[in-house]
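Peer 1: requesting a structural model of the entry that follows:
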Amino acid sequence: MAVTRLLLMALMVTILSAGLAHATDWIEERVVGFKNVKALIARIEDGLSEDKLDKVGADAQTVANFAARIPDLFPAGSGQGGKTSASTDIWIHFADFSSRAEEFRRAAETLAHAAETGNRAGAEKSFSALRSTCKSCHIRYKDLF
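Peer 2: Next up is the predicted model:
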C-alpha cells in the first residue's frame, strides 16, 4: 500500500513537473517574441525618421506575422511556472485578448502596406495606431508590478 502511494505521488510530481516545464517553454517563447517585437518597433520608428520605408514595411510585416501567433502563445495553464508578466486576466478574458492581438496584427499589416507602397503619411498614421494597440493590450493584460 505504501509503495503504491509512493508510486502515485512520484507519478503526480512527474506530471506536474512536465506541465510546469511546458508552461515555462511557452513563457520563454513569448518573452523572446515580444523582445523581438520591441526591437522591431524601435527599428520601424528609426526607419520612419530616416525615410527608409522599405525596411519599415519588412519589419512591420514581421511584427504582423508574430501578432497572428499571439493567442496561440497563451494556451491555458501557461501563465504559471516561470517568470512572466502576463496577467491572469488573459485567460479570464481570452476572447478580448485575442481580439486585441488581431487589432495589433491588422495595424502592423496596414503599416506594412503603407510603407511598401511609399505612403509615408499613411505609414506614420499606421505606426501610431500600431503603438496604440500595443499599449492598450499592455495596460489590460500585462502585470507591470
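
Peer 1: ok, then the element right after the helix or strand harbouring residue 38?
Peer 2: In this structure, residue 38 is located in helix 2-49 according to DSSP states H and E. Next along the chain after helix 2-49, taking DSSP H and E as the criterion, comes helix 53-69.

Peer 1: what count of nearby residues applies to residue 32?
Peer 2: 10 (other CB atoms under 10 Å). Quick note: C-beta positions are derived from backbone N, CA and C, even for glycine.

Peer 1: distance check, it against residue 136.
Peer 2: Separation of residue 32 from residue 136 (CB to CB, to the nearest Å) stands at 23 Å.

Peer 1: repeat for residue 118
Peer 2: For residue 118, the distance to residue 136 - CB to CB - is 29 Å.

Peer 1: what does residue 128 give?
Peer 2: From residue 128 to residue 136 the distance is 13 Å (CB to CB).

Peer 1: residue nearest the centroid of the chain?
Peer 2: residue 70 (4.6 Å; CA atoms, centre = their mean).

Peer 1: check contacts around it.
Peer 2: 98, 101, 104, 105 (CB atoms under 8 Å, 6 or more residues apart in numbering).

Peer 1: type out the ChimeraX command that picks the buried ones from these.
Peer 2: Here is the ChimeraX command that selects the buried residues among those (16 or more other CB atoms under 10 Å):
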select :101,104,105
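
Peer 1: ok, so of the contacts of residue 70, who is nearest residue 41?
Peer 2: residue 104 (10.9 Å; CB to CB).

Peer 1: contact partners for residue 130?
Peer 2: So residue 130 contacts 41, 44, 60, 63, 104, 107, 108, 111 (CB under 8 Å, 6+ apart).

Peer 1: if we go to 7 Å?
Peer 2: Applying CB atoms under 7 Å, 6 or more residues apart in numbering, we find residue 130 in contact with 107, 108, 111.

Peer 1: and stretch 108-122, how far apart are its ends?
Peer 2: Stretch 108-122 has an end-to-end distance of 12 Å (CA to CA, to the nearest Å).

Peer 1: what is the mean pLDDT for it?
Peer 2: Average pLDDT, stretch 108-122: 97.
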